[in-house]
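Asks: Sequence and predicted structure below; questions after.
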Amino acid sequence: MERGPAVFAAAVFLLYGTALLAWTGACARRGAPVAEGVRPSLAFPVALLGAAASLALGAWCLAHL
């Protein structure tokens, strides 16, 4: 992968994953729903899984520079 696009993709994935983790944590702390119209027992793990996947992709992009 070329250096410029890899750094950009890594930054986007890492920023999104961090923001999603922060949002999910803030909603869980307040007891607010993570997503409107979705059961909290389903929305919380799916959001955490999406954040973890995004962070893993960002780390993978950085590792393959």
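Replies: Okay, I see it.
Asks: now the helices: where do they sit in the protein?
Replies: 3-30, 40-63 (DSSP state H).
Asks: Let me have these in CSV, extended by mean pLDDT.
Replies: Putting those into CSV (pLDDT from 0 to 100) gives the following:
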stretch, mean pLDDT
helix 3-30, 95
helix 40-63, 95
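Asks: Just put those in JSON lines and tack on mean neighbour count.
Replies: Glycine gets a C-beta too; all of them are placed from N, C-alpha and C. Converted to JSON lines, these look like this (neighbours: other Cβ atoms under 10 Å):
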{"stretch": "helix 3-30", "mean neighbour count": "14"}
{"stretch": "helix 40-63", "mean neighbour count": "15"}
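Asks: give me every residue that touches residue 13.
Replies: Shown in contact with residue 13 (Cβ atoms under 8 Å, 6 or more residues apart in numbering): 54-55, 57-58, 61.
Asks: hmm, try it at 10 Å
Replies: Neighbouring residues of residue 13 by Cβ atoms under 10 Å, 6 or more residues apart in numbering: 53-62.
Asks: same thing with residue 46?
Replies: Counting by Cβ under 10 Å, 6+ apart, residue 46 has contacts 24, 34-35, 38.
Asks: Which among those residues count as buried?
Replies: 24, 34 (16 or more other Cβ atoms under 10 Å).
Asks: Let me have the contacts of residue 46 in JSON lines, extended by distance to residue 3.
Replies: Conversion of those to JSON lines gives the following (distance: Cβ to Cβ, whole Å):
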{"residue": "24", "distance to residue 3": "32"}
{"residue": "34", "distance to residue 3": "36"}
{"residue": "35", "distance to residue 3": "36"}
{"residue": "38", "distance to residue 3": "39"}
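Asks: between the contacts of residue 13, which is closest to residue 8?
Replies: residue 61 (8.9 Å; Cβ to Cβ).
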